[in-house]
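>>> Structure, please.
(2 chains)
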Amino acid sequence: MIRRVRIVLTFLALALVGAAPNASASVFNPKTFTLTNGMQVVVIENHRIPAVTHMVWYKAGAADEPWGQSGVAHYLEHLMFKGTRDTPPGEFSRLVAINGGRENAFTTQDYTAYYQTVARDRLELVMRLEADRMANLVIDPEQAKPELQVVLEERRSRVDNDPSAQLDEQMRAVLFLHHPYGIPVIGWEPEIKRLTAAEATQFYKTHYAPNNAILVVAGDITVDELRPLAEKYYGAIPRRVLAPRLSVLEPTPIAPRRVALESEQVRRPSLSRTYLAPSHGATLRPEVYALEVLSEVMGGGATSRLYRSLVVEQKLAVGAGAYYSANGIDWTRFVFSLSPQESVDLVKLEAGLDAEIDKLLKDGVTAEEVERAKGRLQSQAIYARDSLETGARAIGAALSLGRTTEDVEAWPERIGAVTPAQVMAAAKLVLRPERSVTGTLLPAKR
Amino acid sequence: MTLRVLLSLAFLAVIAFMAPAEAGTRIDRVRSPGGVEAWLVEDHSVPVIALRVIFRGGAALDPVEKLGLANMTASLLDEGAGPLDAQAFQRRMEDLSISLSFEDALDTFGGSLKTLSVNKDAAFDLFRLAMTEPRFDAEAVERIRSGILARIKRSAADPDYLAGRLWWSRAFPEHPYGRPTTGTIETVSRIDQADLKGFVARRLARDTMYIGVVGDITPAELAPVLDRVFGALPAQAAPYALPAVAPRAGGTIAVIDRPVPQSVVLFGESGIKRADPDFYAAFVMNHILGGGSFSSRLYQEVREKKGLAYSIGTYLYPLDWSPLILGSVATQNARVGESIALIRQEWSRMASGGVTDEELSEAKDYLTGSYVLQFDNTDKIARLLVSIQLDDLGIDYIDKRNSYLQAVTRADVARVAKRLLDAKSLSFSVVGQPAGLPSTAVKIPGVE
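Residues are numbered from 1 along each chain as shown, chains lettered A, B, ... in the order given. Prediction:
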């Protein structure tokens, strides 16, 4: 089922960004230009079907919210479907639908994106509508009120009804001592409840402007075809003076932390461990590529170290994996998640995880492990071209973080250049107890 | 013919409301020397190949004392086959970036393969080994079993899972459709290697098999591959039949008390068979009632006007032995009664009044205009090729499908709505602490 307004709490798996393993440099072959008002435009040609995906990305997300208004970026995303000066409420989605289009939107910590996929001859319609709501949104309090209830239901579905999502939210809040990344994108419930149409409007006026946005169009179109349309619809919107992004510096963590959640809604315990880790950000941070390889070596599948050791050999766990996505302007997380065997308690399972981490830090990784991981990551770049939206999402996310298309195109090459020594340097930097939060999920004692 | 040209034609057909002259040429019917047939859409724009196979006969055929057999088999086929033990098999898949998986449904058992075309020979070999020479080594069987048992225990507190089990067990108390496809602690604990081998021998056979292939491969290349991959399967599957059945518990609301802030609700009643002449009218009707994502009546009433849910939807689920129309919603405990009342109200309004001209034409515009968007990815197309064969819709279905929808009239929708929808027959299952709805303390077989 297509649902409007998905929050992407974990960003697009970075593995989706990429190119052919052996190809020189081209993955998506994006073409770019900038409108006179400062809006960046990207075209990714893909002529398999006569359709296009049209996305507008704003370089503003939950991390840009005023203190005390958690969830306002996401609330605004919902309200962007509620009409403008010229388009009555509901009309946007009605027009997209009767033109055979699919649409949605999502909010993250660093950016918010809106998109439609339509037949190529309907592109101009969705550009007109999207440009209209960039400039002329009107938030009617009567429309905004029930939508706040929808957001609260969304929060209940995603978090409050699910103890593992609750644990993850708590762990994130504890991992970030100071940075707003510790606040959930959807917001804390008491603050969501008091959000107002005026606050959403203020967020819109502060951040939604062509010079803070990126247009990405992927599909059956060329840059020459898109340019006049982009100039006509988005080029006409005046730029705004933008406040600089609030700079928040996370202190170096000095103490390991633990979160233990017990719930009547838990029947089987589980364990997870997150580490504060470097992300892509706007500047090149070479260690992120090594961390992607490390994540693959440690927990990337059935032959990864954790699965082989803890599930197959020692039989401590029924599942074990690692996760790392480099998307994020300031920081991101390196995550291990494990589910124990029936007879194994979490203390023993955690000791098993720690033993694997110690072994890694002491004995290092083999050249073969690194080569295998790199090969797997790189071939995902080819699969990424087998759909309309993947390239648009990868490029849009990268540009929203302040990176460049060249940077995305160079991903397979940079993965290919990672050495075992770099993997170990990254592991030693990140996998330190004081950078970690360990979370346990346990059945409530009765 | 390339996919792009094919779909351009399909799209023109949408606009012009007529089938293109080239109807029937876009999909190649490839027949191997040994007589195995596959439908192929050739497309060389990306060097990947997707293959999809479906066998008739799924989890509903699991013996009652071995529930979960189809599911457990699906999880084990890529855990060692032929000369490769589980780790060797997985390692080969990972090193060549091949994805290969199997899954069970109530009426079918399916397999999917995706590979870079440069590795196609190795990928086809792994797929053949998985289907024809699975090992079911004790290590793999016990490891996968413990994972499934853990999942069954975890699910026993999951409101979505419980709402599903509650609905299905009450609708089909004496039919296999009412049983849990993942099995129970007892039945999964009982499954042994002989059961797993027996499942493969009985179900994976050429006469109940439908194959779709999409991507960087020609008909001439594919033909011999079909014999190599599927030729060793037995010619015939074990015969089977299940009784046709209508869902029970109509008109009731069953409640399981769980300490969660939001009640999860499933609802449904009898639907319409895929082969019924009124299926397309029902499909359009469902779109207007609850299928259309942002436009449906239920979405408008429950979400947009009242703010009672984040998502609400309905869908047609034409099972082989019991066609259904099902839906779901989730609302905070205090107000879930309002959601249920609105669903019943919209059910009755559609049954008695049908739809307006505007609703009908907008639904058709969306359903026909968006069809092309299903073809952007090789996996999606491979799935479509197989379901067209499974439902026996004809190799020209992609050309004709939009004309079937265009032919639906207001009278058709009104007739089918009146025939299918009866608010008094709707059965609801609710998990949570819904205000005003007492817990019915129902025991679900296999759930603690």
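>>> So B:Asp125: helix, strand or coil?
Assigned by DSSP: H, G, I helix; E, B strand; the rest coil, the conformation of B:Asp125 is helix.
>>> Report the separation between it and A:Asn99.
From B:Asp125 over to A:Asn99 the distance is 46 Å, taken as Cβ to Cβ, to the nearest Å. In this view, the C-beta of every residue, glycine as well, is placed from N, C-alpha and C.
>>> Closest approach to chain B from chain A, which residue is it?
A:Gly100 (1.9 Å; Cβ to the nearest Cβ).
>>> all strands of the chain, in order?
With no chain named, the answer covers chain A. A:6-7, A:31-34, A:40-45, A:51-58, A:102-107, A:112-119, A:213-219, A:257-263, A:270-278, A:317-324, A:331-340, A:436-443 (DSSP state E).
>>> Please refer instead to chain B.
Listed in chain order (using DSSP E), the strands of chain B are B:28-31, B:37-42, B:48-56, B:99-104, B:108-116, B:209-215, B:253-257, B:262-270, B:312-318, B:323-332, B:427-432.
>>> residues making contact with the fourth one?
Same thing as strand B:99-104. Surrounding strand B:99-104, the residues in contact under the criterion Cβ atoms under 8 Å, 6 or more residues apart in numbering or on different chains are B:58-59, B:70-71, B:73-75, B:77-78, B:93, B:109-115, B:123, B:126-127, B:130, B:181.
>>> Buried residues of it, list them for me.
Using 16 or more other Cβ atoms under 10 Å in any protein chain shown as the burial criterion, the residues of strand B:99-104 that qualify are B:Leu100, B:Phe102, B:Asp104.
>>> Strand partners (parallel or antiparallel) of it?
Taking DSSP bridges as the criterion, strand B:99-104 forms sheet pairs with strand B:108-116 (antiparallel).
>>> Now the strand it pairs with: average pLDDT?
Computed over strand B:108-116, the mean pLDDT rounds to 98.
>>> Return the distance of that strand from the chain's centre.
14 Å (Cα atoms, centre = their mean, to the nearest Å).
>>> tell me the angle that strand makes with strand B:48-56.
Using axes from the mean of the first three to the mean of the last three Cα atoms, to 10 degrees, the direction of strand B:108-116 lies 170 degrees away from that of strand B:48-56.
>>> How about the contacts made by residue 436?
Since you didn't name a chain, this refers to chain A. Contacts of A:Ser436 (Cβ under 8 Å, 6+ apart): A:Pro256, A:Arg257, A:Arg273, A:Thr274, A:Tyr275, A:Leu276.
>>> Can you look at chain B instead?
B:Gly436 touches B:Gly337, counting by Cβ under 8 Å, 6+ apart.
>>> got the buried residues of strand B:99-104 as JSON lines, with pLDDT columns?
JSON lines is the format used below for these (pLDDT from 0 to 100):
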{"residue": "B:Leu100", "pLDDT": "97"}
{"residue": "B:Phe102", "pLDDT": "98"}
{"residue": "B:Asp104", "pLDDT": "98"}
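>>> Check the gap between B:Trp168 and chain A for me.
Summarising the geometry, the distance separating B:Trp168 from chain A, computed by Cβ to the nearest Cβ, to the nearest Å, is 19 Å.
>>> now that residue: how far from B:Thr181?
B:Trp168 is 9 Å from B:Thr181, by Cβ to Cβ.
>>> And those two? Which one has more around it.
For B:Trp168 against B:Thr181, the residue with the higher neighbour count under other Cβ atoms under 10 Å in any protein chain shown is B:Trp168, and the figures read 24 against 19.
>>> Can you verify my assumption that that one contacts B:Gly178?
Yes: proximity of B:Trp168 to B:Gly178 meets the contact threshold set by Cβ atoms under 8 Å, at 5.3 Å.
>>> Smallest distance to chain A belongs to which residue of the stretch 301-448 of chain B?
Of all residues in the stretch 301-448 of chain B, the one sitting closest to chain A is B:Gly369 (1.9 Å; Cβ to the nearest Cβ).
>>> Put the buried members of the contacts of strand B:99-104 into a ChimeraX selection.
Selecting the buried subset of the contacts of strand B:99-104 in ChimeraX, with 16+ other Cβ under 10 Å as the burial test, is done by:
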select /B:58,59,70,71,73,74,75,77,78,93,109,110,111,112,113,114,115,123,126,127,130,181
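>>> Please name the nearest non-neighbouring residue to residue 306.
Unless you meant another one, I'm taking chain A. The shortest distance from A:Leu306 to any non-neighbouring residue, by Cβ to Cβ, 6 or more residues apart in numbering or on different chains, is to A:Ala320 (4.1 Å).
>>> look at chain B instead
Once flanking residues are discounted, B:Lys306 sits nearest to A:Pro146: 6.2 Å by Cβ to Cβ, 6+ apart.
>>> So if we follow the domain assignment, how does chain B break up?
If the domains of chain B are taken from automatic domain parsing, they occupy B:26-230, B:253-432, with pieces of a single domain joined by a plus sign.
>>> ugh, typo on my part, it should be chain A
Per automatic domain parsing, the domain ranges recorded for chain A read A:6-233, A:257-443.
>>> export those domains to JSON lines and tack on mean pLDDT?
JSON lines is the format used below for the domains of chain A (pLDDT from 0 to 100):
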{"stretch": "domain A:6-233", "mean pLDDT": "91"}
{"stretch": "domain A:257-443", "mean pLDDT": "95"}
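>>> so which of the ones you listed gets nearest B:Gln406?
Of all the domains of chain A, domain A:6-233 sits nearest to B:Gln406, with 13.1 Å by Cβ to Cβ.
>>> Where does the prediction get shaky in the stretch 101-250 of chain B?
In the predicted model, the stretch 101-250 of chain B carries no residue with pLDDT under 70.
>>> dump the residue contacts of the residue of chain A closest to chain B.
Contacts of A:Gly100 were listed using Cβ under 8 Å, 6+ apart, and they are A:Val118, A:Ala119, A:Arg122, B:Val14, B:Asp365, B:Tyr366, B:Thr368, B:Gly369, B:Ser370, B:Tyr371, B:Val372, B:Leu373.
>>> Can you give me every residue that contacts the closest residue to it other than its chain neighbours?
Excluding the flanking residues, the one nearest A:Gly100 by Cβ to Cβ, 6+ apart is B:Gly369, at 1.9 Å. Residues near B:Gly369 by Cβ under 8 Å, 6+ apart: A:Ile98, A:Asn99, A:Gly100, A:Gly101, A:Ala119, A:Arg122, B:Val14.
>>> same check, this time on A:Val41
A:Thr32, A:Phe33, A:Thr34, A:Leu35, A:Ile214, A:Leu215, A:Val216, A:Val217, A:Leu226, A:Arg227, A:Ala230, A:Tyr234.
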